[in-house]
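J.: okay, predicted coordinates and the sequence, questions at the end:
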Amino acid sequence: MNQPLLKVSSITKTFPGLRALDGVGLEVHGGEVVAVVGQNGSGKSTFVKILAGVETADSGTVEARGPDGTYLSGAAARDELHFIHQDLGLIPTLNTIENLSLGSNDGRSALLPFRTRDEVTVATRLMSEFGAHFDVTVPIVDLSPAERTIVTIARALSGWTRPDNVLVLDEPTASLHGDEVGRLFHAIRRVRDRGAGIIFISHRLDEVMDLADRVIALRDGQVVADYRSGEFDHDALIRVIAGRKLTESRIERQQPAADVVLTVEDLSGASVRMANLAVRASEVVGVTGILGSGREHLGELIFGSVPPDKGIIRLAGKMQKTGSPGRSISAGIALVPGDRKAKGAVMTMTVKENLTLAHLHPLRGRAGQLIGSAERQEVKSWIKQTALRPPDPDRQVSLLSGGNQQKVVLAKWLRIKPRVLLLDEPTQGVDVSAKAAIYELVARAADEGSAVLMLSSDTKELTMCCDRVIVMRDGVVAAELVGDEINEARLVAESLGLPHLGDESPLIPQENSTYVSR
Amino acid sequence: MSHAEIDQSQTNVGAAEASTDPVLVPADGTSSLPASRNRVLDALSFRRISAIYILVALIILFGLWVPDTFLRVDIFRTMLDAQALTAIVAVGLVLPLSAGVFDLAVGASVGAGSILVAWLLTSGGLPVWPSILIAVACGLAIGVVSGFFVVKVRIDSFIATLGMSSILLAAIQWISNSQQILNLPADFQKLGTNELLGITYPTWMMLFLAFVIWYVLERTPTGRKIYATGGNIEAARLTGVRTGTVIVCCLAAGSFMAATAGILTSARIGTGDPTTGPSFLLPAYAAAFLGSTQFKGGRYNVFGTILAVYVLAVGVKGLQLAGAPIWIPDLFNGIALLLAVGLAKTQAGNTRARAIRRVMSKQSADDGHAARTAH
């Protein structure tokens, strides 16, 4: 096993306004688990997309060892790679056997009946090879997330003609709980022991430590660390991943006022359990946490589009009825949802129609009609303030770039002059220049008195924009950072529950320093 | 959207993105002129109003083919009147479709309105206007019940209204004993046949109702909320639109229109016919779908729908006068629907792809430039 199964060398990929990957290379040998770690936006997902052939690299090569030992590239190399994406690609209403057989072609005619009993035996045996024991005849929806992932792995492996292929797992643990992760790792180790090379993409460091034989860290599209098993320790790795000299300065704003606008007491529902927090007028408060920490549901719970199980929401001390977006809006609470396409904008309607939809009342004439000229004038002013490109009020929103779509959604809510502005991943899928414009708009809204709650997994934008950052873990507020405490290393450490890290300032580890295993 | 405008705007991206300076004002000013000219051209393009061009082509075709029988005023007057009821149903259908729900019970609602009013006038012994009011109210109620199943019970509208349709058809058979209800009062029949300024009452009724619905959809906040609900129900809900209310009201209004058409049908033929309803379903859907390809580029709309009703009617009438066999109307309607909607789909796809390509190529060129100057 001295020849690598997969050789990736100096891949570079540039998107409009973003260098996603910059000379990334790695090798994967048989019987080895290589973990690729990094923050959001570090280039992990672009890397996977290039491996999978979804994106084409600007330069660099991907070569995989073929059956006869020679190296293949292009589509032939991709045949040697097997992918498991975050969205597992199973059909939830079908059972394990049916899902397994969808990918395979065992040479039987499509019209011959299934040999049910054989299939059950085969599938059960297959699952037990991965250390999983469950009923293969129940629909996939009734399985646990780890079991689903194992089915996917089994399906990916069923296409292998020999054991030493490469399996790529893209964030496979994102939806799993602690003990579930253990079961999945057990299955992955079985695959590795059969001689396969495994690439494991993740942002959850603690797990990677358990599993990986090698860890490769990406930051801003570059490989910043490549450690063998036994060389790495937690602290160093976190600093390497988060480590970035703060080149961007914080956005300067006036001091928040003293009066508390939004109070959340014991809010529970979805992944949130008993969250408590308060936001003052003109204050920008960040909320971060890994997926599953509650961060991703907090906005919708406060807004009421996901009705909370319990909890009290006060606006300037006055209790609000929860669970109704309409009432929240009339009380002055606005939510910019995380999923722009599904929840943020009506993509089939125009910029103008989207911008005014939240508050059409003041544009009404005496006959109940919309006053077109007033609407157009107001929309034009917002287009100018947000520097929308192209500045066309009648353009369908689906034809705008992601950043400009987000500006429309943001402007829709700024237009109602919200007392509380909830932002859920406000710059996801947004290019750099539009990001700056969005931060600017948010800062201005705060200066004008809005209480801003920014839910984000992007630690960089939190350090840039926030007066205070709340870190959530397991559905509760786990930490609160103010002022100089807000730096990326600290945020990452707190999110992962390693609060003793990140206090020291030197973020970049020295060259040639050795790392001792703990 | 013109080339000029895109180019103008793209050159400013770097400069104006982060700031809100009046840098944009010249971009606005210089591009407004060619943009407005292009809007007019766009509005007259085949893509926008293909049905008008087809209408003209059909009239010329049949004018040359069968000039003696086709080019006569009374032919067009009969067509206007005969299709008014289909148009009422189709325009009513625009509302639920715009709100993103199907109403497969419109045909049965026509039948229900038609048979109920006939039954009330004869067996019920009620005077004309109370009978009409009750029948119309029944139409509204049908829509509210459908809406209840769609919104509260969360049954897919396709299934909920299919079920409603079947129940209504049963009710129609029950009320009428599966027989025609004859001898409706003359006062009532007048409503279907009398004329004002040379145009029949049903046509006036159609024009009036179409105007009301056009006004609501195109000119009021309510219309915006209806289209938003149909466009993305979750985004609409998160923007404070009461999507449930919107859906129920649209279904109710659609059934109301259908019941009205049913009442006028009974008045016109002087008979309550239990089999008349379902035949309205397909023409109404064909017109609404075809209409959605007109004027508004993919949005269901009133003018497009009425236009579609009459384009189809002219085509069918012309073919009949030219001696085509009896099955030709169905064939013509089907082919016209598939062609028009199919063409609109492919064209929309092309325009979109072109626009994205333009923006992307320009943007990456800009970025390349910016990167070079930065280094």
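T.: Thanks, I have it.
J.: can you tell me the element the closest residue to chain A within the stretch 51-200 of chain B falls in?
T.: Minimum separation of the stretch 51-200 of chain B from chain A (CB to the nearest CB) falls at B:G100, amounting to 10.5 Å. (Each C-beta comes from the backbone N, C-alpha and C, glycine too.) Element membership of B:G100, judged by DSSP states H and E, is empty: it is in no helix or strand.
J.: what do you get for the one 10 residues further on?
T.: Using DSSP H and E, the element containing B:V110 is helix B:106-121.
J.: can you name the next helix or strand after the one helix or strand in chain A whose mean pLDDT sits lowest?
T.: Within chain A, no helix or strand scores below helix A:234-242, which has a mean of 71 by mean pLDDT, DSSP states H and E. Next in sequence after helix A:234-242, counting helices and strands by DSSP H and E, comes strand A:260-269.
J.: strand partners (parallel or antiparallel) of whichever helix or strand comes after that following strand?
T.: Read in the C-terminal direction, the helix or strand following strand A:260-269 is strand A:272-280, with elements assigned using DSSP H and E. Partner strands for strand A:272-280, per DSSP bridges, with pairing direction: strand A:260-269 (antiparallel).
J.: next, the buried residues of the partner strand.
T.: The neighbour-count criterion (16 or more other CB atoms under 10 Å in any protein chain shown) identifies A:V260, A:V261, A:L262, A:T263, A:V264, A:L267, A:S268, A:G269 as the buried residues of strand A:260-269.
J.: how about the residue nearest to the fifth one when sequence neighbours are not counted, what does it touch?
T.: Pointing back at A:V264 there. Spatially, and ignoring its direct neighbours in sequence, A:V264 is nearest to A:L277 (5.0 Å; CB to CB, 6 or more residues apart in numbering or on different chains). Contact criterion CB atoms under 8 Å, 6 or more residues apart in numbering or on different chains gives A:T263, A:V264, A:V285, A:V287, A:L453, A:I470, A:V477 as the residues in contact with A:L277.
J.: any idea how far B:L209 is from the residue lying closest to A:Q222 once chain neighbours are set aside?
T.: Among residues not flanking A:Q222 along the chain, A:D22 sits closest, at 4.9 Å (CB to CB, 6+ apart). Computed with CB to CB, to the nearest Å, the distance linking A:D22 and B:L209 is 64 Å.
J.: most surrounded residue in the contacts of A:L277?
T.: Using other CB atoms under 10 Å in any protein chain shown as the contact criterion, the top neighbour count among those goes to A:V287, which has 28 neighbours.
J.: next one, pLDDT for that one please.
T.: A:V287 is assigned a pLDDT of 91 by the prediction.
J.: where does it sit: helix, strand or coil?
T.: For A:V287, the assignment made with DSSP: H, G, I helix; E, B strand; the rest coil gives strand.
J.: excluding its backbone neighbours, what's nearest the residue of the stretch 51-200 of chain B closest to chain A?
T.: Of all residues beyond its chain neighbours, the one nearest B:G100 is B:G230 (3.5 Å), with distances taken as CB to CB, 6+ apart.
J.: what residues go with each domain of chain A?
T.: With domains defined by automatic domain parsing, chain A comprises A:6-232, A:260-486.
J.: can you give me the end-to-end distance of the last one?
T.: Same thing as domain A:260-486. 21 Å (CA to CA, to the nearest Å).
J.: quick one: it to chain centroid distance?
T.: Using CA atoms, centre = their mean, to the nearest Å, the mean C-alpha position of domain A:260-486 is found 18 Å from that of the whole chain.
J.: re earlier: return the residues in contact with the residue nearest to B:G100.
T.: Remark: with contacts taken as CB under 8 Å, 6+ apart, B:G230 is in contact with B:L97, B:S98, B:A99, B:G100, B:V101, B:Y300.
J.: by neighbours, which of these wins?
T.: Looking at these with neighbours defined as other CB under 10 Å, the largest count falls to B:A99 at 29 neighbours.
J.: excluding its backbone neighbours, what's nearest it?
T.: With sequence-adjacent residues excluded and distances taken as CB to CB, 6+ apart, B:A99 is closest to B:C250, at 4.2 Å.
J.: and the helix or strand harbouring the one you found, what does it pack onto?
T.: Taking DSSP H and E as the criterion, the element that holds B:C250 is helix B:243-269. Helices and strands in packing contact with helix B:243-269 are listed as helix B:84-98, helix B:106-121, helix B:128-151, helix B:157-176, helix B:186-193, helix B:201-219, helix B:221-231, helix B:233-238; criterion 3 or more CB pairs under 8 Å, 6 or more residues apart in numbering or on different chains; DSSP states H and E.
J.: make TSV out of the ones you listed and add mean pLDDT.
T.: Putting the helices and strands packed on helix B:243-269 into TSV (pLDDT from 0 to 100) gives the following:
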stretch	mean pLDDT
helix B:84-98	94
helix B:106-121	92
helix B:128-151	93
helix B:157-176	92
helix B:186-193	85
helix B:201-219	92
helix B:221-231	90
helix B:233-238	89
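J.: in CSV: those helices, plus distance to B:R77.
T.: Putting these into CSV (distance: least, CB to CB, whole Å) gives the following:
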stretch, distance to B:R77
helix B:84-98, 11
helix B:106-121, 23
helix B:128-151, 25
helix B:157-176, 31
helix B:186-193, 13
helix B:201-219, 9
helix B:221-231, 32
helix B:233-238, 43
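J.: returning to that earlier point: from B:V246, how far out is the residue of the stretch 51-200 of chain B closest to chain A?
T.: Using CB to CB, one gets 9 Å for the distance from B:G100 to B:V246.
J.: and what of A:R395?
T.: Distance check for A:R395 against B:V246: by CB to CB, it reads 25 Å.
J.: now swap in B:G291 and tell me
T.: With distances defined as CB to CB, the gap from B:G291 to B:V246 amounts to 20 Å.
J.: could you do B:P325 as well?
T.: Counting by CB to CB, the separation of B:P325 from B:V246 is 45 Å.
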